[in-house]
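Chemist: The sequence isn't on hand, but the structure is:
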């Protein structure tokens, strides 16, 4: 709803005053930052030049003082950068809040805070407690929680602004419901190469996830286009703002693939925060499994199925199942209980090591440790006992212990032993087992089990500094992966986001992501996001039919663009090029999504000489989204203005591949063309 001319002029005056204050603050702060950095350089130089005069206690004080000064200078520089980022668009919304004592507060909401000379708040950071009113309430009674308690009152006004290059272009009073003008304007925009922040259009259901501080673990089930990834990134920014001593280095994101990592790389910096530590689960497997030249990626694992290169379907299903976790645990427990040192021995013909004593240490004294860590501790203990507390002979005793044990650190043989044991529930010959164990590239389904086995016997890497872990596309991780992750990040809280409808793992699925509560430590809260902001109602209606869904709410207004079907094509190349040029005239991002990489390569070779197109593979990190070609199982998490969905008539989506088809179709925002 528009506002009166008088109110508009008043808002122009407020913007002008904010711009003046912002300009003067930036100028002063810029000079301070420059001077602070010069002073800090001199301070460090002076300290180190005189360090020879300090004793150890004084030196520790010098180090602490230097660290504190560096932190102060860094905080000031980062604030300067945040202010500089908003100088042409200082705020995006405001609220008028009347507290329970009758005082009215006019709150202007920005990406960061700004104070005047008297330290009064002029702009409020969107993450501050009072700003939650903008996202959570319509006009009327309201409350917000802050460190001092819960505050009640009445929300008198909600206002949004369109500001570009320091000019006020529009002002809207509204309740931020699904017909909100600013939201619809944002949804109508063409997509870009990178995901953007959405602080001005966060919706109430999304805000409940972003600002949750009560629960250690959040499990979020969100339909396609509900903003799961956006919510996750804004939650990270919120936690960095609200949690004491939390930095970007304390947060870890598991992304589905490198393409997705690059796609989201601008969001946190645009919110004034540094990007966090990120990896894929495949990166972890490659890091932890050194016995093989390479580990197959999840994408290639999935591709094997969709390109019908899986002769042993039941075996892979077993390897991906929850059942095998218990079977492998029983096998490893039996392996550890049967491990022993078979005879006593001498070290250097002087010191006698009694097997009964070291076997007692193996199974009782150090039984809290993984098996091979126990051997290391026994070696240290023997060196200490015989050499007056010295560890200099640890390596010698380690070697002797290995020589006199009935077990050895050969993980390939131990893994092979599981399939030959009575605990394994599939019958395989030794030749069949060797076929997947002796490969240079370890299959993905084996890599998960192999990494778990190594962790149980050798210890999982422990990431003590990580306090928050975010897992996107959660439905593509089986239970074993969550067990591994929870062991590595045992101190962390988790935010897990996914959609069971977008599961592309053909061997494993969840009825509900709520099942993950049993794997995580501490309390968990399950939340559903049921509104989609990505696709048009026409596309949503079509994709609902693929999976027989009826609970999806499309927020984007009708664009009356029906799904276009191309079935009987006499000239595929000409038809594709015509459709590409039609979409390119209207939109900035268009994707051709194929069922698999074989079809992607076919289409690429067909049209590459006639049009500039980016062919996305697993190794792709940087790409422009104006026109891309991508297999469906690499397109997850991405979105495009227009999508051309292609599969060869001889390679149609089968009934058990509906989820992959659903993923492909839900990448489209405005228009969807379907070939075959």
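Modeler: That came through, no problem. Keep in mind the model is a prediction, meaning the values are calculated, not measured.
Chemist: How far does stretch 416-436 stretch from one end to the other?
Modeler: In stretch 416-436, first residue to last residue: 10 Å (Cα to Cα, to the nearest Å).
Chemist: May I see the buried residues of stretch 356-375?
Modeler: Neighbour counts over stretch 356-375 (16 or more other Cβ atoms under 10 Å) mark 358, 359, 361, 362, 366, 370, 371, 372, 374, 375 as buried. Where you see a C-beta, it was placed from the backbone N, CA and C, and this is true even at glycine.
Chemist: Helix, strand or coil: sort out residue 511 for me.
Modeler: Secondary structure for residue 511, judged by DSSP: H, G, I helix; E, B strand; the rest coil, is coil.
Chemist: Now it. Its backbone dihedrals?
Modeler: When quoted as degrees, to the nearest 10, the phi and psi of residue 511 stand at phi -70, psi -40.
Chemist: related to what we said a few turns ago, quick one: the buried residues of stretch 356-375 as TSV, columns for pLDDT too.
Modeler: Formatted as TSV, those follow (pLDDT from 0 to 100):
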residue	pLDDT
358	96
359	96
361	97
362	97
366	96
370	97
371	97
372	97
374	97
375	96
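Chemist: would you turn those residues into TSV with distance to residue 623?
Modeler: Below are these laid out as TSV (distance: Cβ to Cβ, whole Å):
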residue	distance to residue 623
358	58
359	58
361	56
362	53
366	51
370	42
371	46
372	43
374	49
375	48
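Chemist: What about those, which are in helices?
Modeler: By the criterion of DSSP state H, membership of the buried residues of stretch 356-375 in helices covers 358, 359, 371, 372, 374, 375.
Chemist: Check those and tell me the two furthest apart.
Modeler: Within those, two members stand farthest from each other by Cβ to Cβ: 359 and 372, at 15.5 Å.
Chemist: Would you enumerate the residues in contact with the closest residue to residue 113 other than its chain neighbours?
Modeler: Counting by Cβ to Cβ, 6 or more residues apart in numbering, residue 113 lies nearest to residue 125, which is 4.7 Å off, once chain neighbours are set aside. Applying Cβ atoms under 8 Å, 6 or more residues apart in numbering, we find residue 125 in contact with 110, 111, 112, 113, 131, 241.
Chemist: With respect to residue 162, which of these is nearest?
Modeler: Checking those one by one against residue 162 (Cβ to Cβ), the nearest turns out to be residue 110, at 14.5 Å.
Chemist: gap between the closest one and residue 237?
Modeler: 13 Å (Cβ to Cβ, to the nearest Å).
Chemist: Next up, phi/psi of the residue nearest to residue 113, please.
Modeler: Residue 125 adopts backbone torsions of phi -60, psi 130, taken as degrees, to the nearest 10.
Chemist: wait, what's in contact with residue 430?
Modeler: By Cβ under 8 Å, 6+ apart, the neighbours of residue 430 are residue 420.
Chemist: any idea how far it is from residue 31?
Modeler: Distance, residue 430 to residue 31, using Cβ to Cβ: 75 Å.
Chemist: Same question for residue 615.
Modeler: 50 Å.
Chemist: Same drill for those two, tell me which one is more crowded.
Modeler: Taking other Cβ atoms under 10 Å, residue 615 and residue 31 do not tie; residue 615 has more neighbours (18 against 10).
Chemist: pretty sure the more buried one is touching residue 602, no?
Modeler: No. Applying Cβ atoms under 8 Å as the test, residue 615 and residue 602 come out as separate, 11.2 Å apart.
Chemist: what residue ranges in the chain score low on pLDDT?
Modeler: Residue ranges of the chain with pLDDT under 70: 1, 36-67, 69-70, 175-194, 551-559, 621.
Chemist: Run through the strands of the stretch 1-150 of the chain in chain order.
Modeler: For the stretch 1-150 of the chain, the strands defined by DSSP state E, counting those that start in this stretch cover 93-99, 104-110, 114-115, 121-125, 140-146, 149-164.
Chemist: With distance to residue 589 added, can I get those strands in JSON lines?
Modeler: Output for those, formatted as JSON lines (distance: least, Cβ to Cβ, whole Å):
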{"stretch": "strand 93-99", "distance to residue 589": "28"}
{"stretch": "strand 104-110", "distance to residue 589": "29"}
{"stretch": "strand 114-115", "distance to residue 589": "35"}
{"stretch": "strand 121-125", "distance to residue 589": "31"}
{"stretch": "strand 140-146", "distance to residue 589": "38"}
{"stretch": "strand 149-164", "distance to residue 589": "22"}
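Chemist: so the residue nearest to residue 137 when sequence neighbours are not counted bridges to which residues?
Modeler: Among residues not flanking residue 137 along the chain, residue 155 sits closest, at 5.1 Å (Cβ to Cβ, 6+ apart). Taking DSSP bridges as the rule, residue 155 bridges to residue 97, residue 140.
Chemist: For the protein, which residue occupies the most central location?
Modeler: With distances taken as Cα atoms, centre = their mean, residue 253 lies nearest the centre of the chain, 3.7 Å away.
Chemist: which residue ranges form the helices in the stretch 101-250 of the chain?
Modeler: 132-136, 181-188, 204-210, 228-242 (DSSP state H, counting those that start in this stretch).
Chemist: which one of those helices lies closest to residue 82?
Modeler: Taking Cβ to Cβ, helix 228-242 is the member of the helices of the stretch 101-250 of the chain nearest to residue 82, at 11.3 Å.
Chemist: angle of that closest one against strand 121-125?
Modeler: Angle, helix 228-242 to strand 121-125, by axes from the mean of the first three to the mean of the last three Cα atoms, to 10 degrees: 130 degrees.
Chemist: got the contact list for helix 228-242?
Modeler: Under the contact criterion Cβ under 8 Å, 6+ apart, helix 228-242 has outside partners 125, 127, 195, 197-199, 202, 206, 209-213, 220, 222, 246-248, 251, 253, 264, 267-268, 271-273, 276, 468, 470, 472, 495, 497-499, 529, 637.
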